[in-house]
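Trainee: Give me the fold of what follows.
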Amino acid sequence: MEKKPNPNKPTWETEQRRKAAEAGCQSLAALEQLLGRSVADFNASGDTTLDLSGKGLTSVPEGLGQLHSLQTLHLYNNHLTSLPGVSGSYIRSKRYG
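Mentor: This next block holds a predicted model:
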């Protein structure tokens, strides 16, 4: 007799999607904490510059691509070891500081 999957038990794939969504929410919350406001408020303001200088960052915050008007990102005086994923689609910036 073939064992039928339990519809109430999440599959591995469903669990991975849930974890990814949860991580995305956590990274969005972390970005909003750095901004001091919501991503929606940043976008509505039309601000083009974000200064994250001296924040003790070790990596570029995830979710920067959601800041649609962002053109200039200041990252002076942080502890960045690399800029993974920084590209025209990730940060639409002409100047990295």
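Trainee: And the strands in the chain?
Mentor: Taking DSSP state E, the strands of the chain run over residues 49-51, 72-74, 95-96.
Trainee: partners of the second one, with directions?
Mentor: Pointing back at strand 72-74 there. According to DSSP bridges, strand 72-74 forms sheet pairs with strand 49-51 (parallel), strand 95-96 (parallel).
Trainee: Any buried residues in it, and which?
Mentor: Residues Leu73, His74 are the ones in strand 72-74 that count as buried (16 or more other CB atoms under 10 Å). Bear in mind the C-beta positions are built from the backbone N, C-alpha and C, glycine included.
Trainee: The residue nearest to Asn78 when sequence neighbours are not counted: neighbour count?
Mentor: Closest residue in space to Asn78, ignoring its immediate chain neighbours: Leu57 at 4.2 Å, by CB to CB, 6 or more residues apart in numbering. A total of 15 residues lie near Leu57 under the criterion other CB atoms under 10 Å.
Trainee: ok, now which ones touch Leu57?
Mentor: Leu75, Asn78, His79, Leu80 (CB atoms under 8 Å, 6 or more residues apart in numbering).
Trainee: Those residues into a markdown table, with extra columns for distance to Ala29, neighbour count and pLDDT?
Mentor: Shown next, in a markdown table, are the contacts of Leu57 (distance: CB to CB, whole Å; neighbours: other CB atoms under 10 Å; pLDDT from 0 to 100):
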| residue | distance to Ala29 | neighbour count | pLDDT |
| --- | --- | --- | --- |
| Leu75 | 20 | 18 | 87 |
| Asn78 | 20 | 16 | 87 |
| His79 | 21 | 9 | 86 |
| Leu80 | 21 | 11 | 83 |
